[in-house]
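Undergrad: need coordinates for the following:
(chains A, B, C and D, ligands or ions: 4)
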Amino acid sequence: MKEVRYIRAITEALNEEMARDESVFVIGEDVAYPGGSFSATRGLLEEFGERRVKDTPISEAAIVGLALGAATQGLRPVVEIMFMDFLTVCMDQIVNQVAKTRYMFGGQYQVPLVIRTPCGGGLNAGPQHSQCLESWFAHVPGLKVVMPATPYDVKGLLKASIRDDNPVLFVENKALYGLKGEIPEEDYLVPIGKADVKKPGKDVTVVATSRMVHQSLEAARTLFEEGIEVEVIDLRTISPLDKETIFQSVEKTSRLVVAHEAVKTFGVGAEIAAMVAEEMIDCLDAPILRVGAPFTPVPFNLERFYLPNAEDVVRAVKKALAY
Amino acid sequence: MKEVRYIRAITEALNEEMARDESVFVIGEDVAYPGGSFSATRGLLEEFGERRVKDTPISEAAIVGLALGAATQGLRPVVEIMFMDFLTVCMDQIVNQVAKTRYMFGGQYQVPLVIRTPCGGGLNAGPQHSQCLESWFAHVPGLKVVMPATPYDVKGLLKASIRDDNPVLFVENKALYGLKGEIPEEDYLVPIGKADVKKPGKDVTVVATSRMVHQSLEAARTLFEEGIEVEVIDLRTISPLDKETIFQSVEKTSRLVVAHEAVKTFGVGAEIAAMVAEEMIDCLDAPILRVGAPFTPVPFNLERFYLPNAEDVVRAVKKALAY
Amino acid sequence: MKKETLLQMHYMMLKIRRVEERILEIFAQGKIPGFIHVSIGQEAVPVGVCSALRPDDYLSNTHRGHGQALAKGADLKRFMAEIYGRKDGYCQGKAGSMHIACNDLGVIGSNGVVGGGIPISLGTAFASVYKGNDRVTVCFFGDGATNEGTFHESLNLAALWNLPVVFCCENNGWAEFTPQKVHTKLENLSIRAESYGMPGVTVDGNDVLIVKEEAEKLIARARKGEGPSLLECKTHRWFGHFAGDAQKYRSAQEIEEVKSFDPILKFQKLLLEKKHLNPKDIEETEAKIKSEIDEAVAFAEKSPIPGIEGLLENVYT
Amino acid sequence: MKKETLLQMHYMMLKIRRVEERILEIFAQGKIPGFIHVSIGQEAVPVGVCSALRPDDYLSNTHRGHGQALAKGADLKRFMAEIYGRKDGYCQGKAGSMHIACNDLGVIGSNGVVGGGIPISLGTAFASVYKGNDRVTVCFFGDGATNEGTFHESLNLAALWNLPVVFCCENNGWAEFTPQKVHTKLENLSIRAESYGMPGVTVDGNDVLIVKEEAEKLIARARKGEGPSLLECKTHRWFGHFAGDAQKYRSAQEIEEVKSFDPILKFQKLLLEKKHLNPKDIEETEAKIKSEIDEAVAFAEKSPIPGIEGLLENVYT
Ligand SMILES: Cc1ncc(C[n+]2csc(CCOP(=O)(O)OP(=O)(O)O)c2C)c(N)n1
Ligand SMILES: Cc1ncc(C[n+]2csc(CCOP(=O)(O)OP(=O)(O)O)c2C)c(N)n1
Ligand SMILES: [Mg+2]
Ligand SMILES: [Mg+2]
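TA: Ligands and ions are numbered 1, 2, ... in the order given. Below you'll find the model as predicted:
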């Protein structure tokens, strides 16, 4: 094992997959010579050259379209979109083209394409650089949506995403880029579609994503001191959802809290709650509670009031237990 | 009262509001001389002239941006985007600009802007002309999302949307354009944010949107013959959701089915189910069931298998009752 | 030019015309679901351009894409079956007229989103460069599409990276029901090429030989690694935007007038003059085409309507 | 030109420079949250352009928008308070450096999305036409932004409708860490104007008088109803893309070299030569600006940090 930061785990994944498979290439704004706005692609140009590491103009729709065309011809593009908020300028290419190509053309093509993009607040980057929009993409058949929270998962899932023959929206988190964690020295993959029990517990299930996994673990530690044993599940993949792991946990705890940084209303938590309310309502001993951002844009210098945190999770868990 | 088609109710609303308020103007592709792809804007050019009824190039982002700039200066643009699927080419303008302008600038501006767009299948128009994407926009603070199902509601809600000082995404339904219904002769409004009990009943609550309102009413008629009394609630507004009407009904029936045409997973039904599972789980005597489209793009000539219908609602209601 | 080439072009233009006429008929009978956009009057463009392509070249297409797919070599039976939405169609009935793709022919898909196919064409071109082969991509779109942001982003990137794409604007003067002068101030759209540092040419899109000649130059250029270009072919849409559009926004006189530019008649006249064809040959070609179409229609009508079993297939691999 | 005008322009350029220098200092001390993009080296562009505007004209802005807002007349105290994210800021601390809008001055907002503000500028211009007044809109954006689809769509629509907008490209040769030659083949971006049928000009953006002169012509044109235009001002970004960017991608020599184009020194030299200024005047101006900045910083630092009570405010009316 070795300790790496989340951002460097991404770089390692890109490095290894590019070395492993010549059809993998990296494309995006400032990814080659500058090594990426958040330095995720640092060193790739030096290692793999201009043919496979491509700086582009600020033309997101053209970038994603290019990647799609290339993917239909057997290449495996890894696109970087600098902030998740900017997926909005290439939404047609992602939703109407990339996601639908395989299905609408009757299976004639494979679309092995990864779009990496960072979500989330924490940098006071304001309303157009801080959003978490993953629930949109989970509503789009044909895409997979992955959202890892740790260096271990980000590396293993990125490698798995690059090897997947389907389009994957790979949602990183800016606030986690500096986070350190252990990863194996050797090659490993983390399977898409599998949630991970980050901390077992018997009293309440907390299903969390991305940064809120860490907030939930913190909450679990706090609650443990009060004798409450929380099970923290890191969803890791938003689409397809890992029903099984969630259901198993809820069967055990009978209490469910979902925690994400995205706006609570119409977020990922809604689908998880609905799924449980649809298929295992009798197991529940309490309302399904959701922790998420309030219904506002992400305000610049009020971000700290906006971002959901460990305290919110503690409060929700206690409310679920008090029921 | 008089009988009009859904599409003509839209035309009437536009006509009346343009006559009432000189700051209202209509803009979009083929809306002026051609009178609109679906004829919603027919006759407006003749009535109000080129200054207020504007044909544009195929440049959706520019159209929405123009409308936003104009709205900040006190005009009241009504934009037509030809198919809901094409909101993807102007998503940044809608989500990052229009929706956030008031909030991020600290309340300096009002943004009285309506974007009309038709969703839905039924025309075999294929994967890029048939989507229902309303749940995306309901996840965006700063937008209102309206989705009327009848000529009465479409007229009253469009007039209310045009008079609203906030941006409204006004989701029409192509398959309903030909539908006839009664509307008053005189001026009336339907308030944004109020659901409507389209048919009272005591056994099961069905919350439905747009075309599925009619399918649900049909299901209710079928079920009535079997002695089952369904309460059909037409949501009418997706954002903000009318919790009160839904909760009142569920309190009465203890059984909830949500029905929409959008893909079931991560659709509007998820939020409604989650809301109920969060705040009134003890009232429920059965799982919350959702009727929606399967997790696939809208296939061309398999559309009839894809579209949810009255039978699906009947099945869900029976399942809820059998529980 | 070889006589066979000329005759093949003549055959293909006529075939496209007759196929679309038949499609209109069948559509009017209610046998074809969905939207149909025919390109009658525009046949010289796809035929001129595609006659300059190799079978392994790529083609990115638009909603008005029947002619291009056929000219690139689409099998009429599978093509027709897709228009009908049948199982034996190119896309198993999931695509229809607006989305036909033929992977084996490099036809990477018609697109229902105006301008949506332009960025994708960069990708096949990029793949050629990446793999070190010399396959060229031709990207078709209409005059209206040149006002979408994707047009701009794509041409800039293609020029910058010197990608082997020929951007072919089929300028029929209309974007749905809106004439060119209501969607742009420009007369010749090819001057937009200068904005990207690539060559742009406007040609008479009703003259198949002129289209072919210019396309050959630009395709050869791209194949040699000299980069992309913009070819504007001015032509005319005879019928409505989609099947069922009665064109009330156009005067009867205008609709008559544009027919005087008939690219097929023009080409036939030339071939007759040059004695490459005689009237009997034309009759025979017509007869051959008719029987091909009859066969394709019969094939399509016999092909099974897709059942629910395929609904969930091919969302993912 | 009147002496006062010249002196006012000199004052404003210097003010922008000193304000941004101070912002960099304060940012380095960790007192300003978020991202900061300074325009040091580019001051001649906003000052030249805005000196040709009327107070009631509109201005659409970019992420690198301090200079434009100040040149349009932003109150330095409220401006600084917004940079600090305080309650007395123009946007009550919800916007920050990247999103300042000043409704009373027609500054309709800086934009964090590259190219995002271009379409919006059409709207204020449209409102002028609709209301029958002669307020002009200036829309600022960078060289990198000219590759976004919104640039293209907006310029076409503006030209078509003859909207009173001057599109002002501040070409500093860089899009973040990517030089112009890596984002487009073009040398002069103003030639893109031809793609829309509007005039385009490239000027030395380090010469405030040249910028003003050209802007005056184009703004007058727009005001008279003669339509939009594209003004490219070539200038230099001295510092990194954002505060904290050490510019490792640029040679020390290049960074030094660009400083030789200092628009302020150049203008000062001229004013000194023409005896409009003497060294003491400059000192006084510097002192005046310093005290204004001190005052603004004190104001900002005293202004309350927004509390949770404002969080849910102004999502809707
Ligand atoms: C993004 C988008 N906007 C609008 C439409 C509706 N639409 C379909 S075809 C068309 C006109 C296209 O004109 P042009 O590009 O000239 O092609 P033509 O139909 O003339 O071949 C429009 C507006 C669409 N399909 N996609
Ligand atoms: C749509 C979008 N893509 C990417 C970015 C990230 N980004 C911010 S500024 C910038 C460079 C802009 O360059 P230019 O337009 O030349 O303006 P400058 O910073 O030089 O003033 C980029 C890529 C963004 N904000 N929005
Ligand atoms: Mg056209
Ligand atoms: Mg720049």
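Undergrad: show me what contacts the nearest residue to C:E216 once chain neighbours are set aside?
TA: Using Cβ to Cβ, 6 or more residues apart in numbering or on different chains and skipping the chain neighbours, the partner closest in space to C:E216 is C:A52 (4.3 Å). Where you see a C-beta, it was placed from the backbone N, CA and C, and this is true even at glycine. Shown in contact with C:A52 (Cβ atoms under 8 Å, 6 or more residues apart in numbering or on different chains): C:K212, C:A215, C:E216, C:I219.
Undergrad: and if you look at C:E286?
TA: Counting by Cβ under 8 Å, 6+ apart, C:E286 has contacts C:L14, C:R18.
Undergrad: model confidence over the helix or strand it falls within, on average?
TA: Using DSSP states H and E, the element containing C:E286 is helix C:279-302. The predicted model gives helix C:279-302 an average pLDDT of 98.
Undergrad: next, count neighbours for the nearest residue to C:N147 once chain neighbours are set aside.
TA: Once flanking residues are discounted, C:N147 sits nearest to B:P57: 3.8 Å by Cβ to Cβ, 6+ apart. The tally of other residues near B:P57 (other Cβ atoms under 10 Å in any protein chain shown) stands at 25.
Undergrad: repeat for C:L265
TA: C:L265 has 12 nearby residues by other Cβ under 10 Å.
Undergrad: A:L75 now?
TA: 22.
Undergrad: thought it was touching A:I27?
TA: No. Using Cβ atoms under 8 Å, A:L75 is not in contact with A:I27, being 10.1 Å away.
Undergrad: how near is C:E176 to C:S291?
TA: Distance, C:E176 to C:S291, using Cβ to Cβ, to the nearest Å: 35 Å.
Undergrad: between these two, which one's more packed in?
TA: C:E176 (21 against 10).
Undergrad: C:T5 is in contact with C:S51, isn't it?
TA: Yes. C:T5 sits in contact with C:S51 when judged by Cβ under 8 Å, with a separation of 6.9 Å.
Undergrad: how about A:V291, nearest residue that isn't a chain neighbour?
TA: A:A259 (4.0 Å).
Undergrad: residue ranges of the strands in chain A, please?
TA: Here chain A has its strands, by DSSP state E, at A:2-5, A:24-28, A:53-55, A:76-80, A:114-119, A:144-146, A:168-173, A:180-183, A:196-199, A:204-208, A:230-234, A:237-239, A:256-263, A:289-293.
Undergrad: oops, could you answer that again for the stretch 201-317 of chain C instead?
TA: C:229-234 (DSSP state E, counting those that start in this stretch).
Undergrad: closest to ligand 1 among the contacts of C:A52?
TA: C:A215 (18.0 Å; Cβ to the nearest ligand atom).
Undergrad: how many neighbours does that closest one have?
TA: Neighbour tally, C:A215, other Cβ under 10 Å: 25.
Undergrad: check contacts around it.
TA: C:G48, C:V49, C:S51, C:A52, C:L53, C:V138, C:V166, C:C168, C:L231.
Undergrad: so which of the residues you listed belong to strands?
TA: C:V138, C:V166, C:C168, C:L231.
Undergrad: got a list of what the first one touches?
TA: It stands for C:V138. Contacts of C:V138 (Cβ under 8 Å, 6+ apart): C:49-50, C:53, C:57-60, C:121, C:165-166, C:168, C:215, C:219.
Undergrad: ok, and does the one helix or strand C:A69 maps to reach over to chain A?
TA: Assigned by DSSP H and E, C:A69 belongs to helix C:66-71. No. Judged by Cβ under 8 Å from any Cβ of the partner chain, helix C:66-71 stays clear of chain A, getting no closer than 12.4 Å.
Undergrad: next one: that helix to chain centre, how far?
TA: 5 Å (Cα atoms, centre = their mean, to the nearest Å).
Undergrad: quick one: residues in contact with that helix.
TA: By Cβ under 8 Å, 6+ apart, helix C:66-71 touches C:12, C:15-16, C:19-20, C:23, C:38-39, C:42-43, C:45-47, C:49-51, C:59, C:61-62, C:76, C:79, C:97, C:100, C:102, C:105, C:107, C:110, C:140.
Undergrad: show me where chain A has helices.
TA: A:6-20, A:44-48, A:60-72, A:91, A:99-104, A:134-138, A:151-163, A:211-225, A:243-253, A:268-279, A:303-306, A:310-322 (DSSP state H).
Undergrad: who's in contact with the first one?
TA: Outside helix A:6-20, the residues within contact range by Cβ under 8 Å, 6+ apart are A:4, A:24-26, A:38-44, A:47-48, A:52, A:78, A:116, A:150-152, A:154-156, A:158-159, A:162-163, A:172-173, A:176-181, A:183, A:187.
Undergrad: report the angle between the axes of it and strand A:24-28?
TA: 130 degrees (axes from the mean of the first three to the mean of the last three Cα atoms, to 10 degrees).
Undergrad: any idea of the mean pLDDT in helix A:6-20?
TA: 98.
Undergrad: restricting to C-alpha, output that helix in CSV.
TA: Provided in CSV are the C-alpha atoms of helix A:6-20 (Å, rounded to 0.1, in the frame of the first residue of the first chain):
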residue,chain,number,x,y,z
TYR,A,6,-7.2,11.8,-4.6
ILE,A,7,-5.9,14.0,-7.5
ARG,A,8,-2.8,11.9,-7.9
ALA,A,9,-4.8,8.7,-7.8
ILE,A,10,-6.6,10.1,-10.9
THR,A,11,-3.3,10.8,-12.6
GLU,A,12,-2.1,7.3,-11.8
ALA,A,13,-5.2,5.8,-13.3
LEU,A,14,-4.9,7.8,-16.5
ASN,A,15,-1.2,6.9,-16.7
GLU,A,16,-1.7,3.2,-16.2
GLU,A,17,-4.6,2.9,-18.6
MET,A,18,-2.9,4.9,-21.3
ALA,A,19,0.2,2.7,-20.9
ARG,A,20,-2.0,-0.4,-21.0
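Undergrad: what comes up buried for that helix?
TA: Buried residues in helix A:6-20, counted by 16 or more other Cβ atoms under 10 Å in any protein chain shown: A:6-18.
Undergrad: and the angle for that helix with strand A:168-173?
TA: Using the same axes, to 10 degrees: helix A:6-20 against strand A:168-173 is 150 degrees.
Undergrad: rewinding a little: so the helix holding C:A69, near ligand 1 or not?
TA: No. Using Cβ under 6 Å from any ligand atom, we find that helix C:66-71 stays clear of ligand 1, coming within 10.5 Å at best.
Undergrad: now do the buried residues in that helix.
TA: C:H66, C:G67, C:Q68, C:A69, C:L70, C:A71.
Undergrad: list the contacts of the most centrally placed residue in chain A.
TA: The residue lying closest to the centre of chain A (Cα atoms, centre = their mean) is A:M147, at 1.2 Å. Residues near A:M147 by Cβ under 8 Å, 6+ apart: A:C119, A:E134, A:V171, A:N173, A:T209, A:S210, A:L235, A:R236, A:T237, A:I238.
Undergrad: quick check: phi and psi on the nearest residue to A:T265 once chain neighbours are set aside?
TA: The shortest distance from A:T265 to any non-neighbouring residue, by Cβ to Cβ, 6+ apart, is to A:F295 (5.5 Å). Main-chain dihedrals, A:F295, degrees, to the nearest 10: phi -80, psi 70.
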